[in-house]
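Colleague: Mind folding the following:
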Amino acid sequence: MDTWGWLTLRDKKEHRHKEIKDQYLSLCSRKCLFYTTDYVLDETFTLLFRRLPFKEAKDSLDVIELAIKKGYLRLEHITAERFEKAKGLRIKFQDKPRISFTDLTSMVVMAEIGITYILTQDDHFAQVGMEFQKIL
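Modeller: Residues are numbered from 1 along each chain as shown. As a prediction, the model looks like this:
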């Protein structure tokens, strides 16, 4: 789950909020396991607290924390090794300067674990030749 996915899921003003919420709930009902990283949550929490009233942002943080505790969201940490691999991808994808370093760390985790689907709006996940596919 990318930052965009979390923001769209939690911010009712996002134009695709209902669509993403319905998709998320459908995947949850099918017992799908979601993954995100500490770097993604860093971006997500920063933006949620900028965009939403404090109580809504705090509720969002609680929802994500509960998902981790209940086991249907797995939080992956960007270790020093993963960080170095992401730096390697930054060099490899020199023709794609718009890819954020956070997205590169997500790609490292996805490749390592064998994740192919991502809830994101970013087309570059599908453009890097690593067989990633956007959900929706």
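Colleague: what comes up buried for the longest helix seen in the chain?
Modeller: Looking across the chain with DSSP state H, the single longest helix is helix 54-70. Of the residues in helix 54-70, those buried under the neighbour-count criterion (16 or more other Cβ atoms under 10 Å) are Ala57, Ser60, Leu61, Ile64, Ala67. Backbone N, C-alpha and C define where each C-beta goes, glycine included.
Colleague: and which of the residues you listed is nearest to Phe45?
Modeller: Nearest to Phe45 among these, counting by Cβ to Cβ, is Leu61 at 6.3 Å.
Colleague: dump the residue contacts of that closest one.
Modeller: By Cβ atoms under 8 Å, 6 or more residues apart in numbering, the contact list for Leu61 reads Phe45, Leu48.
Colleague: one more time with 10 Å
Modeller: Counting by Cβ atoms under 10 Å, 6 or more residues apart in numbering, Leu61 touches Arg10, Leu41, Thr44, Phe45, Leu48, Phe49.
Colleague: Quick check: it vs Asp11, distance?
Modeller: 13 Å (Cβ to Cβ, to the nearest Å).
Colleague: Now do the shared contacts for those two.
Modeller: Shared contacts of Leu61 and Asp11, defined by Cβ under 10 Å, 6+ apart, comprise Leu48.
Colleague: quick one on the thing from earlier: quick one: buried ones out of the contacts of Leu61?
Modeller: Using 16+ other Cβ under 10 Å as the burial test, those include Arg10, Leu41, Thr44, Phe45, Leu48 as buried.
Colleague: Correct me if wrong: the second one contacts Leu7.
Modeller: What it means is Leu41. No. With contact defined as Cβ atoms under 10 Å, Leu41 does not reach Leu7; the gap is 11.5 Å.
Colleague: Nice, that's everything, thank you.
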